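Visitor: pasting the structure only:
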Ligand code: NZQ
Ligand code: ZN
């Protein structure tokens with residue numbers, strides 16, 4: 001196990017309908033001037049917007065709407081202008097990962113004089129400047145952004161989608177699973193796969209931290225069970241609650257403490273979203289089974305695959321057999337969520353950008369240096385090509 005430091009001060013309020021009574025004070029403790037950030041309108045449709053406005057009565061509220069999935073730097077620029085002009089004290093982000101991610105970077109941009117894209121390409125700047133406190137109301141279980149330092153911001157002009165980390169986690173996060181019953185089947189599936197992928201990126205690690213392994217195996221079993229239930233029955237509050245807490249614990253840093261390898265599938269997926277603006281979780285669902293197959297070719301991974309097969313998928317039998325079955329089970333689970341399992345399924349039908357994407361993923365993700373199994377540009381290209389068909393899985 002590597003050394004680590006862990007502080008997690010986010011004030012988490014998990015439960016149904018807590019916000020009507022608690023939101024006002026949770027926000028007002030940081031000041032009177034509030035930037036209310038949200039996405040394309042789902043919160044208006046669901047009635048959440050009206051509840052939020054009611055709860056914020058008496059505070060000065062400025063709105064930033066229209067933050068898109070795969071949030072764009074344009075929204076962050078717009079937010080930077082608003083926070084400066086209105087002397088904002090606190091940001092209230094209401095939405096999924098995209099809204100919360102953009103809000104975190106806006107919180108840093110409040111203290112930066114230059115273009116906020118600098119804070120994405122040189123994220124170390126953010127560690128030297130302040131960040132406005134962020135209160136969030138999470139409406140989609142997926143990313144873990146509600147309890148971590150990260151944001152992922154896209155720049156369509158340069159085909160870049162990059163992670164950036166601020167000095168602070170959200171100050172207060174309202175996790176109300178009933179707010180997620182309106183999430184579409186597509187986004188529910190994508191969110192479940194995203195959680196699964198966060199676990200995979202941290203489970204397949206050479207630190208042999210058995211505490212992490214055990215925690216991750218438990219969260220894996222939760223998402224494998226409740227993802228399909230939430231897709232089939234969107235109103236199932238129990239499934240929504242299980243997924244919401246799974247999203248938080250899968251990526252609040254806890255289950256990766258002391259790990260030694262970097263992530264591989266996310267940097268590759270971010271290239272897909274950067275070039276084709278596809279849904280993050282759907283891209284991960286396409287890539288992950290192929291990546292598992294690729295790394296299983298390295299015999300030094302086999303012990304881990306046997307654990308994955310036994311403790312995650314409940315398989316018994318000869319080691320090699322159950323390892324292969326676990327890879328297939330992963331593919332079948334993604335398919336059962338009713339999302340595409342190949343790149344043509346998300347309308348990526350040729351390999352014209354694959355060389356550039358592979359080169360960028362290797363560079364941005366340091367895949368040759370830090371990968372669980374190191375991957376070079378040709379390896380990543382081969383993964384993308386393998387994702388064009390169902391060969392090996394159907
Ligand atoms: O924009 P609105 O109208 O709100 O609609 C959104 C959006 O269209 C909709 N939605 C959200 N909550 C809803 C709802 N629709 C109905 N009812 C609700 N309750 O869902 C759509 C997708 O929202 P988005 O926020 O994009 O989804 P998600 O939470 O999956 O976030 C994905 C983004 O987070 C990044 C991804 O790369 C992607 O950009 N990630 C952030 C991470 C982090 N900060 O730690 C880690 C992740 O690995 C990930 O990369
Ligand atoms: Zn993710």
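Guide: All right, it came through fine. The shown structure was predicted, so the numbers you read here are calculated from the model rather than taken from an experiment. Numbers count the residues shown, from 1 in each chain. Ligands and ions are numbered 1, 2, ... in the order given.

Visitor: Now do the phi/psi pair for residue 157.
Guide: Here is the backbone geometry of residue 157 (degrees, to the nearest 10): phi -70, psi -30.

Visitor: Show me which helix runs longest in this protein.
Guide: In the chain, taking DSSP state H as the definition, the longest helix is helix 210-232.

Visitor: Name the next helix or strand following that helix along the chain.
Guide: Toward the C-terminus, helix 210-232 is succeeded by helix 237-250 as the next helix or strand (DSSP states H and E).

Visitor: Quickly note the distance from residue 296 to residue 327.
Guide: Here residue 296 is placed at a distance of 7 Å from residue 327 (CB to CB, to the nearest Å). The C-beta positions use only the backbone N, C-alpha and C, and glycine is treated the same way.

Visitor: now do residue 23
Guide: 44 Å.

Visitor: per-residue pLDDT, residue 185?
Guide: Predicted confidence (pLDDT) for residue 185: 98.

Visitor: coming back round to it: between residue 296 and residue 327, which has more neighbouring residues?
Guide: Neighbours were counted for residue 296 and for residue 327 using other CB atoms under 10 Å; residue 327 has more, 23 against 19.

Visitor: Contact residues of the chain facing ligand 1?
Guide: With CB under 6 Å from any ligand atom as the criterion, the chain meets ligand 1 at residues 39-43, 46, 69-70, 95-99, 101, 139-140, 142-145, 148, 150-152, 179-180, 182-183, 187, 190-191, 194, 251, 266, 280-281.

Visitor: Give me the subset of these that lies in strands.
Guide: 95, 150, 151, 152 (DSSP state E).

Visitor: and of those, the nearest to residue 246?
Guide: Nearest to residue 246 among those is residue 150, at 17.2 Å by CB to CB.

Visitor: Tell me, how many residues neighbour the closest one?
Guide: Number of residues near residue 150 (other CB under 10 Å) recorded here: 19.

Visitor: which residues sit in contact with it?
Guide: By CB atoms under 8 Å, 6 or more residues apart in numbering, residue 150 lies in contact with 101, 104, 144, 163, 164, 165, 251.

Visitor: To which secondary structure element is the fourth one assigned?
Guide: Under the assignment given by DSSP H and E, the secondary-structure element containing residue 163 is strand 160-165.

Visitor: Please identify the pairing partners of that strand and their relative orientation?
Guide: Applying DSSP bridges, strand 160-165 is found paired with strand 150-155 (antiparallel).

Visitor: Rounded mean pLDDT for the partner strand, please.
Guide: Rounded mean pLDDT across strand 150-155 is 97.

Visitor: Ok, stretch 381-393 next?
Guide: Rounded mean pLDDT across stretch 381-393 is 98.

Visitor: just the helices in the stretch 1-150 of the chain please.
Guide: Counting by DSSP state H, counting those that start in this stretch, the stretch 1-150 of the chain has helices at residues 19-28, 42-45, 48-55, 73-85, 97-109, 118-121.

Visitor: Include mean pLDDT when you put the ones you listed into CSV, please.
Guide: Converted to CSV, these look like this (pLDDT from 0 to 100):
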stretch, mean pLDDT
helix 19-28, 98
helix 42-45, 98
helix 48-55, 98
helix 73-85, 98
helix 97-109, 98
helix 118-121, 97
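
Visitor: just those: most buried one?
Guide: For these, the largest average neighbour count (mean count of other CB atoms under 10 Å) is found in helix 97-109, namely a mean of 29.

Visitor: Now do that helix: which elements does it pack against?
Guide: Where contact means 3 or more CB pairs under 8 Å, 6 or more residues apart in numbering; DSSP states H and E, helix 97-109 is packed against strand 33-38, helix 73-85, strand 90-95, helix 118-121, strand 134-138, strand 150-155.
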